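Peer 1: sequence and predicted model, in that order:
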Amino acid sequence: MLEEGLGKKQTLAVVKKTEFGVYLGTEEERVLLPRKQVPEGTQVGDEIEVFLYRDSKDRLIATTNEPKIQLGEVKLLRVKDTGAIGAFLDWGLEKDLFLPFKQQTAKVKKGDQCLVSLYVDKSGRLCATMKVYDKLEKKSPYKKDDRVTGIIYEKSLNFGLFVAVDDRYCALIPKREASGRYKVGDRIEARVTDVKPDGKLDLSLREKAFIQMDRDAEAVMEKIIANGGELPFTDKADPELIRAEFGFGKNAFKRAVGRLLKEGKIEIREKSIAIR
């Protein structure tokens with residue numbers, strides 16, 4: 001059935017020519033390829049590679065234009081516009097691709113780039129979804145301590161930041177590693193901390209401890225200087241306060257403070273940390 005080819009490229013035979021285009025398929029079941037899409041010199045019996053989708057009147061139609069995404073793929077598409085019930089994406093065809101609000105993992109606006117896959121809704125129309133976890137590949141070429149880049153496509157309070165490495169491989173920045181500074185749509189560079197048995201990646205936005213400690217100590221020192229030479233809390237402060245100020249956890253903060261103490265650059269007072 002032609003309907004089964006919705007959202008995919010396929011090769012179909014010309015069964016009839018008309019003044020407004022050609023029909024492809026069989027005598028029993030056929031789809032229109034509009035005249036402006038028909039290659040010059042096309043005759044009945046010729047085969048043409050086309051993509052099937054629905055036009056503005058929800059009719060099945062063929063096109064020789066190259067879609068930016070097909071069923072089963074995950075691609076980064078640009079938001080052309082937003083409306084009352086969702087957003088509209090540029091996917092290279094005359095009719096924009098609809099991204100419903102319920103399929104957005106974060107609110108998008110015109111000009112945004114978002115990672116999506118295709119699905120067929122209850123009305124038989126092609127739509128986009130940002131919920132791409134099940135569409136990402138699980139077997140990547142990366143191993144522990146490799147540096148990777150990717151895009152955050154979903155944020156979870158329970159699990160952390162879901163990342164598509166190279167826009168195609170399944171990865172997670174665990175909650176303990178995910179600071180509030182990052183959001184859906186952000187491009188990140190990270191380090192692989194674990195490769196799960198099924199191939200999924202765990203990532204960290206931080207370096208190995210002995211490297212990261214120097215950077216954290218530098219960040220703490222810069223914050224103290226910016227606050228006039230004194231930080232209004234110590235290493236016993238609430239973990240959430242520390243994370244909000246620095247973007248890393250209490251243990252990392254204590255290591256950084258310990259490094260600065262050892263180097264004689266700071267002193268810890270009753271309720272503050274100050275430059276010596």
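Peer 2: Noted; the coordinates are in hand.
Peer 1: alpha carbons only for contacts and neighbour counts from here, please
Peer 2: Noted.
Peer 1: per-residue pLDDT, Arg215?
Peer 2: Model confidence at Arg215, given as pLDDT, is 76.
Peer 1: actually Lys208, not the one I typed
Peer 2: According to the per-residue confidence, Lys208 scores 57 in pLDDT.
Peer 1: relative to Tyr142, how far out is Glu177?
Peer 2: If you measure Glu177 against Tyr142 using Cα to Cα, to the nearest Å, the figure is 19 Å.
Peer 1: do the same with Phe101
Peer 2: Phe101 is 34 Å from Tyr142, where distance means Cα to Cα.
Peer 1: now swap in Gly150 and tell me
Peer 2: Relative to Tyr142, Gly150 is positioned 13 Å away (Cα to Cα).
Peer 1: which of the two has more neighbours?
Peer 2: In this comparison of Gly150 against Tyr142, neighbours counted by other Cα atoms under 10 Å, the higher total goes to Gly150 at 21 against 17.
Peer 1: looks like that one contacts Phe162 (just checking).
Peer 2: No - counting by Cα atoms under 8 Å, Phe162 is not a contact partner of Gly150; they are 9.8 Å apart.
Peer 1: any idea what Val165 is bridged to?
Peer 2: Using DSSP bridges, the beta-bridge partners of Val165 come out as Gly150, Tyr169.
Peer 1: what number of residues lie near it?
Peer 2: Burial of Val165, expressed as a neighbour count using other Cα under 10 Å, amounts to 25.
Peer 1: let me see the contact set for it.
Peer 2: Val148, Thr149, Gly150, Ile151, Ala171 (Cα atoms under 8 Å, 6 or more residues apart in numbering).
Peer 1: make TSV out of these and add distance to Ala219.
Peer 2: Conversion of those to TSV gives the following (distance: Cα to Cα, whole Å):
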residue	distance to Ala219
Val148	24
Thr149	23
Gly150	25
Ile151	25
Ala171	27
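Peer 1: ok, so of the residues you listed, who is nearest Ser56?
Peer 2: Relative to Ser56, the closest of the contacts of Val165 is Ile151; by Cα to Cα it sits at 31.6 Å.
Peer 1: which residue is the nearest non-sequential neighbour of that closest one?
Peer 2: Distance criterion Cα to Cα, 6 or more residues apart in numbering; nearest residue to Ile151, sequence neighbours excluded, is Arg187 at 4.6 Å.
Peer 1: from Arg59, how far off is that neighbour?
Peer 2: Here the criterion is Cα to Cα. By it, Arg187 lies 38 Å from Arg59.
Peer 1: Asp216 too?
Peer 2: 58 Å.
Peer 1: more crowded one of these two?
Peer 2: Just comparing Asp216 and Arg59: by other Cα under 10 Å the higher neighbour count belongs to Asp216, 23 against 12.
Peer 1: need the three-state assignment for that one.
Peer 2: With DSSP: H, G, I helix; E, B strand; the rest coil as the basis, Asp216 sits in helix.
Peer 1: so it sits against Phe253, correct?
Peer 2: Yes - between Asp216 and Phe253 a contact is recorded at 7.1 Å, counting by Cα under 8 Å.
Peer 1: at the geometric centre of the protein, which residue do we find?
Peer 2: The centre of the chain sits closest to Tyr153, judged by Cα atoms, centre = their mean, with a distance of 3.4 Å.
Peer 1: so that residue sits against Arg168, correct?
Peer 2: No - counting by Cα under 8 Å, no contact exists between Tyr153 and Arg168, whose distance comes to 11.1 Å.
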